[in-house]
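**Q** the following block contains a protein sequence and its predicted model.
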Amino acid sequence: MQLYVLNGCGLNIGRACLGHLNNKYVYRGGDYDLNQLFSLDDITEKAQEMQPDIPLLLAEMRAPLWEQEPPDVDTGRQCVHPYTCGFYGHCHADEPENPISQLPGASQELIEILKEASIEDIHDIPDDFVVLTTLQNRVRDSVVHNRIYLDAHLAVALQHLDYPVHFLDFETFNPSLPLYIGTRAYQAITFQWSDHILEKDGTLRHEEFLYEGDGDPRQAFTTSLLDALGREGSIVVYSSFEATRIKELAELFPDLAGALLSLKENRIVDLLKLIRRYCYHPEFHGSFSIKSVLPALVPGMSYDDLEINDGIMASITYEEMIRPDTPSERRDFLRRSLLAYCGRDTEAEVRLFNRLHAV
């Protein structure tokens, strides 16, 4: 499209390239090596081949702008992939509370089969609908009968945890331009952890870490984490995110690899996997993210009262906090907000554990 516009302006374009940051380039300090930092993919031939089609494509794009009514297009996977459409709320306003798109892992083929049968709502899926997976059948049953599915195996698994139980959460940021020696574009850099520690007698304490220095936070992050976790107790996380980061840190710090990999291989328990396998609540609405699971299983607890309520916002906040030109008062506010958010994540894990392990 850009080639078409530039050609139309009378410019003679010799090459059309797609430029992007090279995530293979490892920063060595000092000035960036611009020849390595960026990658250029020459797509001149492909772009030239498409030029005859551009006028028609432009006409198709412009046509809806002159209409009084929105285009008649069914909602579907394109509404959220590759990103959520700005009109998502408008187009989904008249959908049922439990649309078939909330079936976990629903393929486009399954959605089309259901729509061909005039089924738009999970409530309307018949009992003998054999195309559904075990999990999808569980979701259908939970929604149709408006009841929670809670397998006793979940409580058994949680009762076998070793005390003290550590409820752990990490925060990372992914700077587009590598900031630290040995890092790459968009590499996940751990800068914060929260650990709620539950003793066998029911006492609960909280430890936390947030790096506020100028350099690479990962060394201080790792040593403080190992000190906090010690050598005993199960480590409860929600998703594989923490285990992945621990593996990366083990590769970065060979002298600490044994202790780090021991955490990953011997002590981590993924609460998300257990809930996905043994639990479903109609209020999950097809999602097993902690933001969906928490208010359903622990009514009254959410992230709505926090300044930061997701990991992306936490990442952006940290980048602002460590900038040299951020005023001290603003930096203090950002620091408190980050600590509150990460602490809420591990508090949520504790509350979910208390809700589920005694069932």
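**A** Received it, and whenever you're ready, just let me know what you need. Only a predicted model underlies this, so the values are computations on that prediction, with no experimental measurement involved.
**Q** buried stuff in stretch 258-269?
**A** For stretch 258-269, the neighbour count (16 or more other Cβ atoms under 10 Å) marks Ala259, Leu260, Leu263, Lys264, Arg267, Ile268, Val269 as buried. Just so you know, the C-beta spots here come from the backbone N, C-alpha and C atoms, and that holds for glycine as well.
**Q** turn these into TSV, including secondary structure and distance to Gln192.
**A** Shown next, in TSV, are these (DSSP: H, G, I helix; E, B strand; the rest coil; distance: Cβ to Cβ, whole Å):
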residue	secondary structure	distance to Gln192
Ala259	helix	20
Leu260	helix	17
Leu263	helix	17
Lys264	helix	19
Arg267	helix	20
Ile268	strand	18
Val269	strand	21
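**Q** where do the strands sit along the stretch 51-200 of the chain?
**A** Secondary structure of the stretch 51-200 of the chain by DSSP state E, counting those that start in this stretch: the strands cover 149-150, 165-173, 189-198.
**Q** and the longest one with strand 165-173, angle?
**A** Put simply, strand 189-198 runs at 160 degrees to strand 165-173, going by axes from the mean of the first three to the mean of the last three Cα atoms, to 10 degrees.
**Q** in this structure, what spans have low per-residue confidence?
**A** Scanning the chain for pLDDT under 70 picks out 358-359.
**Q** domain-wise, how is it divided?
**A** 2-66, 94-147, 149-359 (automatic domain parsing).
**Q** ok, the nearest residue to Leu297 once chain neighbours are set aside - how many residues close by?
**A** Residue nearest to Leu297 in three dimensions, not counting chain neighbours: Arg355, with 5.2 Å by Cβ to Cβ, 6 or more residues apart in numbering. The burial count assigned to Arg355 is 15, neighbours taken as other Cβ atoms under 10 Å.
**Q** and the longest helix anywhere in the chain, what does it pack onto?
**A** Using DSSP state H, we find that the single longest helix of the chain is helix 328-356. Helices and strands touching helix 328-356, by 3 or more Cβ pairs under 8 Å, 6 or more residues apart in numbering; DSSP states H and E, are helix 152-159, strand 165-173, strand 189-198, strand 204-210, strand 235-237, helix 271-278, helix 290-297, helix 311-321.
**Q** got the CA coordinates for the second one in PDB?
**A** Written as PDB, here are the backbone C-alpha positions of strand 165-173 (Å, rounded to 0.1, in the frame of the first residue of the first chain):
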ATOM      1  CA  VAL A 165       3.600 -23.100  50.700                       C
ATOM      2  CA  HIS A 166       5.000 -20.200  48.700                       C
ATOM      3  CA  PHE A 167       2.600 -18.400  46.400                       C
ATOM      4  CA  LEU A 168       4.800 -16.800  43.800                       C
ATOM      5  CA  ASP A 169       4.400 -14.300  41.000                       C
ATOM      6  CA  PHE A 170       6.900 -12.500  38.700                       C
ATOM      7  CA  GLU A 171       6.700  -9.300  36.700                       C
ATOM      8  CA  THR A 172       8.800  -8.600  33.600                       C
ATOM      9  CA  PHE A 173       9.300  -5.900  31.000                       C
END
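**Q** how far off centre is that strand?
**A** Here strand 165-173 is found 14 Å from its chain centre; the criterion is Cα atoms, centre = their mean, to the nearest Å.
**Q** which residues touch the nearest residue to Arg276 once chain neighbours are set aside?
**A** Among residues not flanking Arg276 along the chain, Phe288 sits closest, at 5.0 Å (Cβ to Cβ, 6+ apart). For Phe288, the contact set (Cβ atoms under 8 Å, 6 or more residues apart in numbering) comprises Pro104, Leu272, Ile275, Arg276.
**Q** could you find the closest non-adjacent residue to the residue minimising distance to the centre of the chain?
**A** Centroid-nearest residue in the chain: Gly311, 7.2 Å away (criterion: Cα atoms, centre = their mean). Once flanking residues are discounted, Gly311 sits nearest to Glu171: 6.6 Å by Cβ to Cβ, 6+ apart.
**Q** now Ile54
**A** Here the residue nearest Ile54, using Cβ to Cβ, 6+ apart, is Tyr4, at 4.4 Å.
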